[in-house]
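S.K.: mind looking at a prediction? Sequence and model below.
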Amino acid sequence: MPYWVTEIPSANADKHYYYRVTMAEATTYDKAYANSFAKAAMEAKWKLGVRVNFSDDIKSLENAVTEDITVDQKSINIPMNKVCDYWETIHTTKGDYIRIYVLWQIAEAGNVIPQFDDFTKCQ
């Protein structure tokens, strides 16, 4: 497992973003990734003080995953950048599933455009 799963990199206040790791499990990589994205987006909204209803919103967010990974909902634009991911197949007696960890760079505020850095330490 990569070090960043347990040792999240420090926030970069000068460039207006922080790091977050999300973990999700599903029967396929795509479903696990979408769930991980939805968790990061929900937490970013919550951190900015936007009311969230996790059970209602997670499915709609999972279905809205786009390549640019930006959440634009209810007049809030929260830039996010997928940095690294690590996944593994978990074998159980009831079948296999995917567990994914995703490292994100997330803007610290909805009204500030972050200057995301390249992150090359994904090992």
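M.R.: Received, thanks. Computed from a predicted model, the values in this text were never measured in an experiment.
S.K.: need the longest helix for the protein.
M.R.: Ranked by number of residues, the top helix in the chain under DSSP state H is helix 29-47.
S.K.: give me the buried positions along that one.
M.R.: 31-45 (16 or more other C-beta atoms under 10 Å). Backbone N, C-alpha and C define where each C-beta goes, glycine included.
S.K.: what's that helix packed up against?
M.R.: strand 17-26, helix 54-63, strand 70-73, strand 76-92, strand 95-107 (3 or more C-beta pairs under 8 Å, 6 or more residues apart in numbering; DSSP states H and E).
S.K.: quick one, it and strand 76-92 angle?
M.R.: 140 degrees (axes from the mean of the first three to the mean of the last three C-alpha atoms, to 10 degrees).
S.K.: tell me the contacts of the most centrally placed residue in the chain?
M.R.: With distances taken as C-alpha atoms, centre = their mean, Ala40 lies nearest the centre of the chain, 3.6 Å away. Ala40 makes contact with 20, 22, 80, 102, 104, 106, according to C-beta atoms under 8 Å, 6 or more residues apart in numbering.
S.K.: equivalent analysis for Ser36, please.
M.R.: 22-24, 85, 100-102.
S.K.: again with Glu88
M.R.: Glu88 is in contact with 98-99, counting by C-beta under 8 Å, 6+ apart.
S.K.: before we move on, what about the one 3 residues further on?
M.R.: The contact partners of His91, by C-beta under 8 Å, 6+ apart, come to none.
S.K.: how much space separates it from Lys31?
M.R.: Counting by C-beta to C-beta, to the nearest Å, the separation of His91 from Lys31 is 17 Å.
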